[in-house]
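Participant: Show me the folded form of this:
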Amino acid sequence: MEGSIASRARLPRATQMTVARLEATTQMRPELREPTERSSPFHQLVVTLATRKWFLLAIAVLGGILAGMAGFARPVLFEATTQVIIDAPSGGNAPGGTASAQDLLDSSIDDHLTMLSSQAHLRRVLAALRKAEAANTAGKSISSPVWEEKPDTGSFMSTLLSRVWPQGKPVAGSPEAVDAAALKTLRNGMRVGQELRSRVITIGFTDTSAARAALVANTFAQVYIDDLAQKRRASDQLELQSLVASLPQVQGNLVDATDRLETYRLTHGAVDQSAASNAANETAELSRQIALSKADLSASESRLRHIDDLRKAGASVSQMAEEIGSPVLADLVARQTAGTAGEDLGKAIELELEQDIARIAAETDVYRAQVAALEERKRVLDTAATDTASQLAGLRALEPQVAIVTQRYNDLLGRQQDLMRRIEAPSPGVAVLSAAWPPSSPKTLSPIFLIPPGMIAFGLMGAVFVIIRDSFNQTLRSEAEAEAELGIPCIGLLPKVSEVHAKQLRHLVLGQRNSPFSRAVTSVLVTAAPTQGRGRSPHIILATSSTQDDGKTELAWSLALAATRLGGRVIFIDLDRKDMRLTNEFRGEFSTVVAHNTFGDYVSDRCVLQDAITRMPEIGIDLMTAPAASDDLLTLLSTVDKSQFTDELLSVYDIVIINGPLGLGGPETRLLKRWAGAVLFAVRWARTRRGIARGVLDSLRAGGSATVPVGSVLTQVNLRKHAAYRLGDGADLLLARV
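Facilitator: Numbering: from 1, shown residues only. Presented below is the predicted three-dimensional model:
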């Protein structure tokens, strides 16, 4: 009788037949399919970015919106520019041509740029702005093109000064700290530069107010020009004082020379003076040198007296430094003004001041000794000239002397008139070429122009985020990736089906045979158990997975349903006691005779095969349920002779589908591998981690026959999302309409 214990006992324990069957199967297909080549890294990068294109587009749009909002929130800045032109330097003293003149111009431009950017000039501009604020507060009117645009002068200057230095908020620290903050703000807004290689210097100031920017730029240039004019006037005044002091002496020399000439003419008459010409010329030269030395002596003494007067009047150190003109002393005073004052710095200033005064006094003594030596030499020459004149009738010696003294006197008078004219109208050497007017166009770009860079920047950041996130993704999402990571061929994939139930699964596999799911399941079945016509050999397929949610049970039932289309008898053996929901649904929906015995009873010889089978004729599948909780599956698999039961199953059924336990649950799967002709390892798409799946497969390879082929199946695949990866695998075929 079929399925009886007696008939099963009389069956030979054909171990050789079982091995031969497995070897024949293995020889027909040593692997379930050839592994596919893995795509290049560049292609993977393009695919990764293409699959996240909507995310990247959203990030780019967000970046454009944020950039636009930042552009609208940013204050609009205006830059007003003033242009000044430098007088061409005189190249008369330079022994060169055009190149030397250009070098002088470059040097002059560098000097002006340095002085315009200096801390001292910024302080003068700051003082001028404060003075203008005070003058407008007192009701004074200032003629400027800027004021015509702003009738409310006081509020305008208050706005200007509130930007240059904070007035509404108390500033911690001394007044030097307030000045330092104001100078920093002023320096950050200024721009000074040369226009190409010309003599034009551009002075610009950037501010949120166009009128305020024009006012500060014009003030910056005008203060510099006024300061240069003041320095030129002071220098000319000192030279005029020295020249006026030397004029009486030159005039006296002229009177003396004229008297001597007239006296000689009256006394000696016309005589030959050729012998005394040389002595007269030397005397005249000495007179000129004496006059120059006395002029220098007078200037030095005047300067020394002025310094003494300042010291007696109790002048400040800065005034003393400006009068002395020492760079070292000026630097020390600047450091003291900057707020780095100390006892050592004060002593250094006093020491430098005394040294500079001593130096000026020493120069005065040198000039005095020089004048005395020249006068002594002149007296000797005068004596010799007198002797020569007496011998050679020194008329010719007196006439050149008179002419030289007269020329010297006339030069001094002309120089005096020129100095007086320059003092009345000083020329700073710099003139305003173009005054600043309030600009009509802002310097800052429109917020619209910030949107494309913002979109590009955020798009790149989004791409980097996607690439980094994808590099940390340890799941499997393609057949080629599964083969490369797991080391076994991937024989197919199953589309995603939400909330799988027994009737729904039957309808998908048997009712909609042209659906992607039905075609995918049939393709996997044919690959795992290829048909060979009527003489085909029966197959045992084991379905397993690493975790509970990998879709192993759905895969096994789908294969069983698809196997009914191939003809022959199909049995489904469920050995997974943790996932009984779908099996219970099939048994409740389609069973006619429910067996009370299980797989444990069958392999333990407590019942025959027929008593352990639940019939489901509506779908053409027989069911054998998992052992009871009292039966240890590991003990059952390790103690029974598997060939005895596999031979009996294969003699009755054409296809045996075993829903094995989880690979992480224990070694039962390795023992069941000996029962199977093919093992299908379910891997959930974009869910199962590579390390876990690889570890389970390694343990599965460690036991059982090495000739049993093992293949992976991707389950719960989102076909449309998978097709976006452009991998060119089975998903494209499943999406194609039949």
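
Participant: How much space separates L633 from Q716?
Facilitator: L633 sits 26 Å away from Q716, going by C-beta to C-beta, to the nearest Å. No exception for glycine: its C-beta is placed from N, CA and C like everyone else's.

Participant: and if you look at L105?
Facilitator: 81 Å.

Participant: So for those two, which residue has more residues nearby?
Facilitator: Using other C-beta atoms under 10 Å, the more surrounded residue of L105 and Q716 is Q716, with 23 against 17.

Participant: Please spell out the segments of the stretch 101-250 of the chain that come in under the pLDDT threshold.
Facilitator: 138-174 (pLDDT under 70).

Participant: could you show me where the helices are in it, in order?
Facilitator: Applying DSSP state H, counting those that start in this stretch to the stretch 101-250 of the chain gives helices spanning 119-137, 145-149, 153-164, 175-189, 210-268.

Participant: Generate TSV for those helices, with distance to S478 and mean neighbour count as supplementary columns.
Facilitator: Putting those into TSV (distance: least, C-beta to C-beta, whole Å; neighbours: other C-beta atoms under 10 Å) gives the following:
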stretch	distance to S478	mean neighbour count
helix 119-137	67	16
helix 145-149	69	16
helix 153-164	61	18
helix 175-189	56	15
helix 210-268	61	18
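
Participant: Identify whichever of those helices lies nearest to R615.
Facilitator: Closest to R615 of these, according to C-beta to C-beta: helix 175-189, at 91.1 Å.

Participant: list the contacts for R615?
Facilitator: S591, T592, V593, D622 (C-beta atoms under 8 Å, 6 or more residues apart in numbering).

Participant: In the residues you listed, which has the lowest confidence score?
Facilitator: Among those, V593 carries the lowest pLDDT, at 83.

Participant: lowest average confidence, helix or strand, in this structure?
Facilitator: helix 15-28 (a mean of 33; mean pLDDT, DSSP states H and E).

Participant: Beyond it, next helix or strand please.
Facilitator: Sequence-wise, the next helix or strand downstream of helix 15-28 (DSSP states H and E) is helix 41-51.

Participant: could you give the mean pLDDT of that following helix?
Facilitator: Averaged over helix 41-51, pLDDT sits at 79.

Participant: Begin at 852 from now on, thanks
Facilitator: Happy to do that; since the first residue is 852 now, the last one works out to helix 892-902.

Participant: Show me what that helix is packed against.
Facilitator: helix 1298-1322 (3 or more C-beta pairs under 8 Å, 6 or more residues apart in numbering; DSSP states H and E).

Participant: Which of the residues in the helix it packs on are classified as buried?
Facilitator: Applying a neighbour-count criterion of 16 or more other C-beta atoms under 10 Å, one finds P1298, L1301, I1302, G1305, M1306, F1309, G1310, G1313, A1314, V1317, D1321 buried in helix 1298-1322.

Participant: now the residue nearest the centre of the chain, nearest residue through space, not along the chain?
Facilitator: Compute the mean C-alpha point of the chain, and by C-alpha atoms, centre = their mean the closest residue is A1308, 10.5 Å away. Distances taken as C-beta to C-beta, 6 or more residues apart in numbering place G914 nearest to A1308, at 5.9 Å, with adjacent residues excluded.
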